[in-house]
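# Build the 3D model from these lines:
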Amino acid sequence: MTEQKNNKAIHITLWITQGLLGIMFLMAGLMKVSQPIDALAASLPWVTDTSAGLVRFIGISEFLGGLGLFLPSILRIKPLLTVWAALGLATVMIFALVFHAVRGEFSAIGMNLILFGIAIFIAWGRSRKAPIHSKK
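The predicted structure is shown next:
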């Protein structure tokens, strides 16, 4: 009985985490894809030092990763894609961490670490602790 309650609690925690992280990456990705680079530079100064193509690629990656965090699980179609989306976003956060460290922007690294940890938690939870099974 206790293990069943723990499993339900981890499912709820994972759904909340997937939803919040997914929405955050959807918004961040959409912003990087849709706004002009000059407007982005007001909130993300690093975009002026990188190519517009790279900024758009990062935005598309974040948008698709955000969708992947909850869409396959909600629809129960290839729910393993949620795990891969979480691992992909964790990889993006590692690249972002290195990028900010090289530029000496150490204040941004804390957020990269937090998002990396949340993404790894989702990948672990949906692959080991509380997987979602496909529709039959």
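
# any idea what His133 is structurally, helix, strand or coil?
Assigned with DSSP: H, G, I helix; E, B strand; the rest coil, His133 falls in the coil class.

# How about the contacts made by it?
Contacts for His133 (CB atoms under 8 Å, 6 or more residues apart in numbering) come out as Arg76, Pro79. Bear in mind the C-beta positions are built from the backbone N, C-alpha and C, glycine included.

# Closest to the centroid, which residue in this protein?
For the chain, Leu89 is the residue whose C-alpha lies nearest the centre (CA atoms, centre = their mean; 4.3 Å).

# Please identify the helix or strand for it.
According to DSSP states H and E, Leu89 maps onto helix 80-102.

# Check which helices and strands that helix is in contact with.
For helix 80-102, the elements it packs on are helix 2-34, helix 52-75, helix 109-124, judged by 3 or more CB pairs under 8 Å, 6 or more residues apart in numbering; DSSP states H and E.

# Surely the residue nearest to the centre of the chain touches Leu69?
Yes: using CB atoms under 8 Å, Leu89 makes contact with Leu69 at a distance of 7.3 Å.

# Need the residues touching each of those two.
Common neighbours of Leu89 and Leu69 (CB under 8 Å, 6+ apart) are Leu21, Phe25.

# For Ala96, see how far away Ala39 is.
As judged by CB to CB, to the nearest Å, Ala39 and Ala96 stand 20 Å apart.

# which parts of the helix holding Leu89 are buried?
Residues of helix 80-102 classed as buried by neighbour count (16 or more other CB atoms under 10 Å): 81-90, 92-93, 96-97, 99-100.
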